[in-house]
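Asker: pasting the sequence and the predicted model now:
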Amino acid sequence: MRVALDATPLALSSGGLSRYTSELVNALAAEFPEDEYYLVSDVEAGRRRSLPPARNLKFGPGPGNPMERRWWLWGLQREMGRVGAELFHGTDFSVPYLATRPSVMSLHDLSPWMDRSWHSAAGRVRRRAPLLIRLGIATMLVTHSGAVRRQAIDRFRIHPERVAVAPLAASARFRPIRAARPRAPYFLYVGALEPRKNIPMLVDAWRPVRDRYGVDLLLAGRSREDFAGLRDEPGLRILGETADEDLPALYSASLAFVYPSLYEGFGLPVLEAMQCGACVITSTDPAIAEVVGDAAVRLDPKNRRAWTEALLACAAGGDWLDHRRERVLQRASGFSWRRTARATREVYAEARRRFDG
């Protein structure tokens, strides 16, 4: 099979979309050497990111003239013809507007339609994706959790057989690291600073722990334009965008990884932290629940008092911390990009069967 995948997320310097696209295409190329995979995009940076060499993994040339700059209508069709693609995988909520080939759309979550305040710049996705889904232009949809699959079926009124689940995985770089003792114990959050991540509540819940135990709070991730920002205060360390190679040590040395998100499609930073052996305190979001099982502490993301109590218990120490770390490592071992690639490849095959049938 010859597959074209949207490489536009690779233009992002960090974040889940970029990791998903790069890890998935590498795993597909390794797991299915008989296939050919082309990364295509009208964004120059998305076509030039360095990826591990593979005989069956290539970049498409991109738009060749001004007409092809109308990418989703004309340019992508020409690109797929040039590379001989039999199927297109839209890695970020979109597929070509003309259904000349089978296509798969990654529906990472339904946050653009759940609360407009969560995404100030998602108007195009909010308008376009439902049409591509309801009109059947996207042959198949793939989600990363059963929770999002059920939400998609309910919201878009689509047949359950058109939606499959392919859980994500954490990169092999995320593993327990023996690092130098930090200058002060800390809780760690990793992810974009954006409205639905519930960061102000986390900061409020953490302050009493800082006052009693001197535990810092580290926030690692880019700050989105629609994030209100935080005032400077003792113990709050905003690290900003953090290189992937620096994250395993941060996860490993943390007192706990804290992730109070109001809504997720999967929660990849949670799995990364688990794979590094970090104690995880997270929300009761149903998609995250599928990732952590009973290995993490799960709390109502709106209950600040419950979060403060959990952080205080964690700061006080005890055998339960070591027990939690053992459980998260065991749970994390059940996820792999090889498994994700196999599940995704099955969706490709189903899309071809449905399109041809």
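Answerer: Noted; the coordinates are in hand. Numbers count the residues shown, from 1 in each chain.

Asker: just the strands in the protein please.
Answerer: 2-6, 36-40, 57-59, 87-90, 103-106, 140-143, 163-165, 186-190, 216-220, 236-240, 256-259, 280-283, 297-299 (DSSP state E).

Asker: give me the contacts around the last one.
Answerer: This points to strand 297-299. With Cβ atoms under 8 Å, 6 or more residues apart in numbering as the test, strand 297-299 has contacts from 260, 279-284, 288-289, 292, 306-307, 310, 324. (Each C-beta comes from the backbone N, C-alpha and C, glycine too.)

Asker: per-residue pLDDT, the nearest residue to F32 once chain neighbours are set aside?
Answerer: What sits nearest to F32 in space, not counting adjacent residues and going by Cβ to Cβ, 6 or more residues apart in numbering, is R345, at 5.9 Å. Listed pLDDT for R345 reads 98.

Asker: could you dump the contacts of strand 297-299 to CSV with neighbour count?
Answerer: CSV is the format used below for the contacts of strand 297-299 (neighbours: other Cβ atoms under 10 Å):
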residue, neighbour count
P260, 24
C279, 24
V280, 30
I281, 25
T282, 26
S283, 28
T284, 13
I288, 25
A289, 18
V292, 23
A306, 14
W307, 25
A310, 19
R324, 21
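
Asker: show me those that map onto helices.
Answerer: Taking DSSP state H as the definition of helices, these contribute I288, A289, V292, A306, W307, A310, R324.

Asker: just to revisit the earlier point, and the strands of the chain, which one averages the lowest pLDDT?
Answerer: In terms of mean pLDDT, the lowest-scoring of those is strand 57-59 (a mean of 90).

Asker: if we can go back for a sec, got CSV for the contacts of strand 297-299, with distance to M114 too?
Answerer: Converted to CSV, the contacts of strand 297-299 look like this (distance: Cβ to Cβ, whole Å):
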residue, distance to M114
P260, 17
C279, 29
V280, 24
I281, 23
T282, 19
S283, 15
T284, 16
I288, 15
A289, 17
V292, 21
A306, 23
W307, 22
A310, 26
R324, 30
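
Asker: tell me how many other residues surround the residue nearest to F32.
Answerer: 18 (other Cβ atoms under 10 Å).

Asker: G277 too?
Answerer: When neighbours are defined as other Cβ under 10 Å, G277 has 23 of them.

Asker: burial measure for the nearest residue in space to it that is not next to it in sequence, as a count.
Answerer: For G277, ignoring the flanking residues on the chain, the nearest one in space by Cβ to Cβ, 6+ apart is P176 at 4.3 Å. For P176, the tally of surrounding residues (other Cβ under 10 Å) stands at 16.

Asker: how far away is A121 from S223?
Answerer: A121 sits 14 Å away from S223, going by Cβ to Cβ, to the nearest Å.

Asker: of these two, who's got more company?
Answerer: Counted by other Cβ under 10 Å, A121 and S223 do not tie: S223 has more neighbours, with 17 against 10.

Asker: P9 contacts F93, correct?
Answerer: No - P9 lies out of contact with F93 (Cβ atoms under 8 Å); the separation is 10.3 Å.

Asker: look up how far G16 lies from V270.
Answerer: Per Cβ to Cβ, V270 is found 11 Å from G16.

Asker: compare these two (neighbour count), which wins?
Answerer: V270 (28 against 21).

Asker: residues in contact with the more buried one?
Answerer: Counting by Cβ under 8 Å, 6+ apart, V270 has contacts F257, Y259, V280, T282, I288, V291, V292, A296.

Asker: quick check: the residue lying closest to the first one once chain neighbours are set aside vs R173, distance?
Answerer: So the one you mean is F257. Among residues not flanking F257 along the chain, A273 sits closest, at 3.7 Å (Cβ to Cβ, 6+ apart). As judged by Cβ to Cβ, A273 and R173 stand 13 Å apart.

Asker: between those two, who's got more neighbours?
Answerer: Ranked by neighbour count (other Cβ under 10 Å), A273 and R173 place A273 first, with 34 against 13.

Asker: these two touch, right, the more buried one and I281?
Answerer: No - taking Cβ under 8 Å as the definition, A273 is not a contact partner of I281, at 10.0 Å.
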